[in-house]
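In: pasting the structure only:
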């Protein structure tokens, strides 16, 4: 009995642990990718390389482990895969890294915190998320999303006094505003926001595709393969045949492509698909604000950047909003489980009543026979 309870708890914790792990990976990717872009790497070739790495590494595993459960390819599924590879690997990633070029890694991560709000709205519209304004758990999800976005804005806009850390003495404490001009900052923000809408549509379409193609690893490999091909085609057109963008050696550029390909393309898409099947698209994006906190801390430790009071307050608000969303999702799942069990209980009651009536009827018939 104890073993069953432990297994149930571990199963419930897996989605949380998986999404937190991904946020650490996303934070590392933001810093490494920014360093590679600063070294002159084209974001077009970077996107093509990272998805090629992911496709090469994950395709063999998909072929071996899902050969018996993978559904056959249809025209409908193929079109969905093409759209998925366009939305996130090509459009979102190129706009995100182009926006990061105009700003900073921290600012780009801060902008990504509007993703849960966009995904929540789209999931609501496309009926992947049920919302009842009168129910407390739905109110918690809505309020948590608003609080999370507000916390990200506080962290981005409010600076406040510097907090002296022993590892960050003499740090520059630079932020997006000091690193880029106002016009470039606005341009970068708009590019990132458009990319985030594509990311949200990607998550919603991924949830829809998994219903007809429930093979997470195979879907991940196909998205990465198509993404690399489409990304290479976009790079050739955008750079007008400039072959210099494909030059890569044993440096930060190679590290960025391999790291992003393995963790942020292959592993991230697979884990996200598994979590979406279990908890839905809103849950999978609700953890994105954590990456901003991680990037802020890593920037302080690794780059000597100073922490500020506004950043700490924003981080606390983000965690509070994230807790509300997770609490609301948990209550939502509990209520759905209860609703699913109601018909079963009602059926049991109905069956028991029918059996009792039949027994009573047979008793009456027996008594009538005896009387005769």
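Out: Perfect, I can see it now. Please read all numbers here as calculations on a predicted model, not as lab measurements. Numbers count the residues shown, from 1 in each chain.

In: low-confidence ranges in this structure?
Out: When the per-residue scores of the chain are filtered using pLDDT under 70, the ranges that remain are 1-6, 155-156, 164-182, 299-300, 302-307, 333, 336-372.

In: please enumerate the strands of it.
Out: With DSSP state E as the definition, the chain shows strands at residue ranges 162-163, 307-308.

In: return the distance of the first one from the chain's centre.
Out: Relative to the centre of its chain, strand 162-163 is centred 31 Å away, using CA atoms, centre = their mean, to the nearest Å.

In: just checking: what are the partner strands of that strand?
Out: strand 307-308 (antiparallel) (DSSP bridges).

In: gap between residue 231 and residue 117?
Out: Relative to residue 117, residue 231 is positioned 27 Å away (CB to CB, to the nearest Å). All C-beta spots, glycine's among them, are computed from the backbone N, C-alpha and C.

In: look at those two and report which has more neighbours.
Out: Legend: neighbour count by other CB atoms under 10 Å for residue 231 and residue 117, higher for residue 231 (28 against 19).

In: not counting sequence-adjacent ones, nearest residue to the more buried one?
Out: The spatial neighbour of residue 231 that comes closest, neighbours along the chain excluded (CB to CB, 6 or more residues apart in numbering), is residue 48 at 3.9 Å.

In: so what's that neighbour up against?
Out: Residue 48 makes contact with 228, 231-232, 235 under the criterion CB atoms under 8 Å, 6 or more residues apart in numbering.

In: 10 Å - rerun?
Out: Contacts were defined as CB atoms under 10 Å, 6 or more residues apart in numbering; by that measure residue 48 touches 42, 89-90, 93-94, 227-236, 245-246, 257.

In: pull out the buried members of those residues.
Out: With neighbours counted by 16 or more other CB atoms under 10 Å, the contacts of residue 48 contain buried members at 42, 89-90, 93-94, 227-232, 234-236, 245, 257.

In: nearest to residue 320, of the residues you listed?
Out: Out of these, the one with the shortest distance to residue 320 is residue 93. That distance is 30.2 Å, counting by CB to CB.

In: is it true that that closest one touches residue 192?
Out: No - no contact is recorded between residue 93 and residue 192 when judged using CB atoms under 10 Å, the distance being 11.1 Å.

In: residue 41 - nearest residue in space that isn't next to it in sequence?
Out: On the basis of CB to CB, 6+ apart, the spatially nearest residue to residue 41 that is not a chain neighbour turns out to be residue 253, at 4.7 Å.

In: and the residue lying closest to residue 312 once chain neighbours are set aside, how many neighbours does it have?
Out: The shortest distance from residue 312 to any residue other than its chain neighbours is 6.9 Å, reached at residue 163 (CB to CB, 6+ apart). Per other CB under 10 Å, the neighbour tally for residue 163 reads 14.

In: one more: residue 243?
Out: Applying the criterion other CB under 10 Å, we find 8 residues in the vicinity of residue 243.

In: residues contacting it?
Out: Applying CB under 10 Å, 6+ apart, one finds that residue 243 lies in contact with residue 236.

In: over to the one 3 residues further on?
Out: Neighbouring residues of residue 246 by CB under 10 Å, 6+ apart: 42, 44-45, 48-49, 232, 235-236, 239.

In: closest to residue 159 out of those residues?
Out: Proximity of those to residue 159 (CB to CB) peaks at residue 42, which lies at 32.7 Å.

In: isn't the closest one up against residue 236?
Out: No - with contact defined as CB under 10 Å, residue 42 does not count as touching residue 236 (11.3 Å).

In: any shared contact partners between the two?
Out: With contacts taken as CB under 10 Å, 6+ apart, the residues that reach both residue 42 and residue 236 are 48, 242, 245-246.

In: for the stretch 51-200 of the chain, which segments are assigned as helices?
Out: Read by DSSP state H, counting those that start in this stretch, the stretch 51-200 of the chain holds these helices, from start to end of the chain: 75-85, 93-102, 105-111, 115-125, 136-157, 176-179, 182-212.
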